[in-house]
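Asks: starting from these lines, generate the structure:
(chains A and B)
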Amino acid sequence: MSDYILEMRNITKEFPGVKALNNVNFKVKRGEIHCLVGENGAGKSTLMKVLSGVYKYGTYTGDIVYNGEVQQFRGIADSEDKGIAIIYQELALVPELSIYENIFFGHEIMSGKVIDWNQTIVKAKEVLEKVRLHVDPSTKVKSLGVGNQQLVEIAKALSKNVKLLIFDEPTAALNEDDSQNLLELMKELKSQGVTCIMISHKLREVTAIADTITVLRDGQTIGSKENHGITEAEIIKDMVGREIDNIYPKREKKKIGDVCLEIKNWTVDDPKSGREILHNVSINVRKGEIVGLQGLMGAGRTELAMSIFGNPTGYRIKKGEVLVNGKSQRFKSPREAINAGVAYVTEDRKGNGLVLIQDIRYNTTIANLKKLVKGLAIDENEEINVANGYKKSINIKAPSIEQKVGNLSGGNQQKVQLAKWLFVEPQVLILDEPTRGIDVGAKYEIYSLMNKLVEQGMSIIMISSELPEVLGMSDRLYVMSEGTITGELSSDEADEQTVMAMAIKS
Amino acid sequence: MEKNENKSGGLGELGSLLKKNMKDYMMYIALVVIMIFFTWKTNGGFLTARNISNLINQAGYVAVLAIGMTLILILKHIDLSVGFVAGFCGAIAAILMTKAGINEWLAIAIVLLIGLVIGLYQGLLVTRLGVPAFVTTLAGMFIFRGALNLVLQDTGTIIVPNKGFNALSNGFIPDIPGVDLGFHLLTLLIGAVGIIMVVFSQVKARRNKIKYNFKVSSTPVFVAQMVFISAIIIVICWVLASYQGVPWTAVIVGVLLFGYNFMLNKTKLGRYIYGIGGNDQAAELSGVNVKNVTLFAFCSMSVMAAIAGILYTSRLQSATPTAGTAFEMDAIASSYIGGTAVSGGVGKVTNTLIGVLVIMSLTNGMNLMGVDISMQYMVKGIIFIIAVAFDVRSRAKAK
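Replies: Numbering: from 1, shown residues only, chains lettered A, B, ... in the order given. Purely as a prediction, here's the structure:
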């Protein structure tokens, strides 16, 4: 048998309009811990989905060679049969079931036609011993902490006789102790002959534990290095070392005025997990200014925006202050925030941004119907004029404003979202990942629009995990990591490596 | 491409129009087929003036419930309690008029208020405490069934003597005084005004669409549509005029239908209801007060249930302990047959009314044919599930 348990050769995976993976080569040695790093959108998760069969054989090109044989996985069940398992960031356990039920869920131990529960419990204890989780296996999973739940997930994988275990951002939701624990466990698994692949943004952990590090960038393999004292700086350089194309339109005149929106000492709990998700966040944005808010996924950027914007998800705001034009405000609903001149364009346009089964006209005006009401009824002629106006001015490509937004491309959907919020005529526009999943042409149009808006005196906070975008567009930027502002930089001070170093600081 | 298609006009366009909007026309076709079938099976008995008047009076309370239910279903909720809320409210009206000796109009006002309170109670449970509507209103079903029995425990069925009250579901609008032509003149006049209003508003809407370069059907097809709608109104009015004229029930349902249709299509509130049904999170983030809009829908539903209870009591001229049984089934089925999406966000009260006519024609026709009640339920159930399955399928295809 070869040295390599896994070789992925020339993997190319395309989505409509995007090459998510472009000729990726990825080789994993038997019995090593192999770390896969890269920015958001670099293709790490896509690669792992190809490997596990989520993207079926035939939907990509290239070969997966596992244990010396070319594999044709048609689903997760196929890859699991061969001993490949993924531990996802969002755990896939049934909270109301006990630990042992969860471990053997889907591959129950049978005696004849019925489940042999006694044997199940005995076996569960064995695998729990392997992951060093010393709790009663009949405990319900929901009463465990996140760290222990993850151990149950690993135990589940081990119970299936796993040979290759993939961790997708395993420590993202864990505290320091649990993280250390997990890394120790990975080393132990390695000594038991289990090969591990870990996807992580936390380079400190990566350099501490990896035998080999592979960097992906923009769907391509940048390099694979054995870890003989690789520094974080070296990895960062590989992660971000792309040439920035000149896709950011220049702004003609900058006229930056007074502070328009200010957040002070904003500290917020998530009542679901009981964790503090934002710690003492203080940021501000001035009139006519684009402020970038950079941070990796899970840094708390969206939570920050949502908790300011009327807090519809019901976070617990422990302390802090929101000032609009110097006046202290605490918005109790998105409506109050809108009325005060704050608009929030969500990152998830399909999930909570647009009403997909309604048309462009409907979505354009829904946030400010007040302006169109005459007497009791909505003035439909005026509404059509408004929607047509935005369709033209921000170039929404559709046959007419009666087109359902569900049928538009990502870029045009994003423009409809922008139209909706421009119609509200806000002072402060918070854009959350404004260009995620849209093509270069539409990106450029959105950047130009942003420039035009600030020239007219609007303030923009741009939340983004795409470094080049934040650097290209912002007058000033904040970097966020794990719910804390880890740095504030002017556009002159900021470069990719400084920002990346701040973004992964913990 | 589409523009050329429109210009070509004629039968080809009518065909493609039919194909494209098959889903919308389906229930009209179903209604016509059902009506023809029963007319044939009853040797014309179904389509007599007397039976059509009867059908309208029978359908009234279901229509009122179904209109309210459409809002609830668009919002992806459900209200199972409406049947017994209607029964209970009807009983209270009867008690107020007979035992308390209150004037019928005041009694109606009080009952509507009771409906509002019931709506507040259920709506607050759903929106403020987060109890699922299914559970809240299932409990409501128990509670108001019990309440109905309780208030009628001592008296049993209460006969309502008030003429004005009973006219609501049995009476007809008066004719113009001093005219006797052997038919109901005012009914025909109402029909004529109705046709003028429909044609006028359609022409205006079409002109507007042309002004903004939206897709419209070609002139011959548009004219054909107008002729078709006018013909239906003429036939109905003619049939009614040759009997006793327009029933008061039709007037009440008509006013409610107009009001709800206006609200859903023309007002902020209507937009918000569709928005919440389509994507509640997006609506919330667009500044819509999701909880209050939902609360409104539940209040409207229970007030409509109170109106339905009044109509039903008026129809029977009495309040009985079994009033309201299974009303919710007809109301929910009607709304779904009328094209309200099971996944929420889509639905029209005008189409719901067609759904009501489908369901009530089935009931009425099978009664005329003497079909056993157990068979009736099964037939209605089968038609209901076919309609919804068809709707779900065609929506999935459209995606």
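Asks: going by C-alpha atoms from here, please, whenever you check contacts or count neighbours.
Replies: Will do.
Asks: just the strands in the stretch 251-399 of chain B please.
Replies: B:318-319 (DSSP state E, counting those that start in this stretch).
Asks: can you give me the distance of the nearest residue to B:M366 once chain neighbours are set aside to B:L65?
Replies: Spatially, and ignoring its direct neighbours in sequence, B:M366 is nearest to B:Q376 (6.8 Å; Cα to Cα, 6 or more residues apart in numbering or on different chains). Going from B:Q376 to B:L65 by Cα to Cα, to the nearest Å gives 20 Å.
Asks: equivalent analysis for A:G437, please.
Replies: A:G437 sits 45 Å away from B:L65, going by Cα to Cα.
Asks: so the two - more neighbours on which side?
Replies: B:L65 (30 against 15; other Cα atoms under 10 Å in any protein chain shown).
Asks: residues touching that one, list them.
Replies: B:L65 is in contact with B:V82, B:M301, B:M304, B:A305, B:A308, B:E328, B:A331, counting by Cα atoms under 8 Å, 6 or more residues apart in numbering or on different chains.
Asks: could I get those residues as CSV with distance to chain A and pLDDT?
Replies: Shown next, in CSV, are those (distance: Cα to the nearest Cα, whole Å; pLDDT from 0 to 100):
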residue, distance to chain A, pLDDT
B:V82, 29, 97
B:M301, 21, 97
B:M304, 21, 97
B:A305, 25, 97
B:A308, 26, 97
B:E328, 28, 94
B:A331, 25, 96
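Asks: helices - which of those residues land there?
Replies: Residues from the contacts of B:L65 lying in helices, with DSSP state H as the criterion: B:V82, B:M301, B:M304, B:A305, B:A308, B:E328, B:A331.
Asks: how about residues contacting the lowest-mean-pLDDT helix or strand in chain A?
Replies: Lowest mean confidence among the helices and strands of chain A (mean pLDDT, DSSP states H and E): helix A:232-240, at a mean of 82. For helix A:232-240, contacts defined as Cα under 8 Å, 6+ apart pick out A:37-39, A:203-204, A:207, A:215-217, A:222-223, A:496-497, A:500-501.
Asks: most neighbours, which of the ones in helices among the contacts of B:L65?
Replies: B:A305 (37 neighbours).
Asks: in three-state terms, how would the residue in the stretch 351-500 of chain A that chain B sits nearest to be classified?
Replies: Minimum separation of the stretch 351-500 of chain A from chain B (Cα to the nearest Cα) falls at A:N352, amounting to 4.1 Å. Per DSSP: H, G, I helix; E, B strand; the rest coil, the local secondary structure of A:N352 is helix.
Asks: residues in contact with the most centrally placed residue in chain B?
Replies: Residue closest to the mean C-alpha point of chain B, counted by Cα atoms, centre = their mean, is B:A63 at 2.9 Å. Contact analysis of B:A63 by Cα under 8 Å, 6+ apart lists B:V253, B:A331, B:T352, B:L353, B:V356.
Asks: can you give me phi and psi for it?
Replies: Phi and psi for B:A63, reported as degrees, to the nearest 10, are phi -60, psi -40.
Asks: how far away is it from chain A?
Replies: 25 Å (Cα to the nearest Cα, to the nearest Å).
Asks: returning to that earlier point: got the buried residues for the least confident helix or strand of chain A?
Replies: A:E232, A:I235, A:I236, A:D238, A:M239, A:V240 (16 or more other Cα atoms under 10 Å in any protein chain shown).
Asks: before we move on, what about stretch B:179-190?
Replies: B:F183, B:H184, B:L185, B:L186, B:T187, B:L188.
Asks: which of those fall within helices?
Replies: Mapping the buried residues of stretch B:179-190 onto helices (DSSP H) picks out B:L185, B:L186, B:T187, B:L188.
Asks: and the second one, what pLDDT?
Replies: Among the per-residue scores, B:L186 holds a pLDDT of 88.
Asks: just give the nearest non-adjacent residue to it, would you?
Replies: B:D175 (5.4 Å).
Asks: burial count for the one you found?
Replies: The burial count for B:D175: 17, using other Cα under 10 Å.
Asks: if I pick it, what's in contact with it?
Replies: Contacts of B:D175 by Cα under 8 Å, 6+ apart are B:H184, B:L185, B:L186, B:T187, B:G245.
Asks: need the three-state assignment for the residue nearest the centre of chain A.
Replies: Relative to the mean C-alpha position of chain A, the nearest C-alpha, by Cα atoms, centre = their mean, is the one of A:M297, at 3.9 Å. Classification of A:M297 by three-state DSSP places it in coil.
Asks: if I look at it, how far off is chain B?
Replies: 21 Å.
Asks: repeat for A:N161
Replies: In terms of Cα to the nearest Cα, A:N161 sits 40 Å off from chain B.
Asks: shouldn't that residue be in contact with A:I84?
Replies: No - here A:N161 does not reach A:I84: they are 9.0 Å apart, not a contact under Cα atoms under 8 Å.
Asks: more neighbours, those two?
Replies: A:I84 (23 against 16).
Asks: what's the host helix or strand of A:N280 in contact with?
Replies: Taking DSSP states H and E as the definition, A:N280 sits inside strand A:275-286. Here strand A:275-286 makes contact (Cα under 8 Å, 6+ apart) with A:256-270, A:291, A:300, A:303-304, A:320, A:459-461, A:478, A:482-485.
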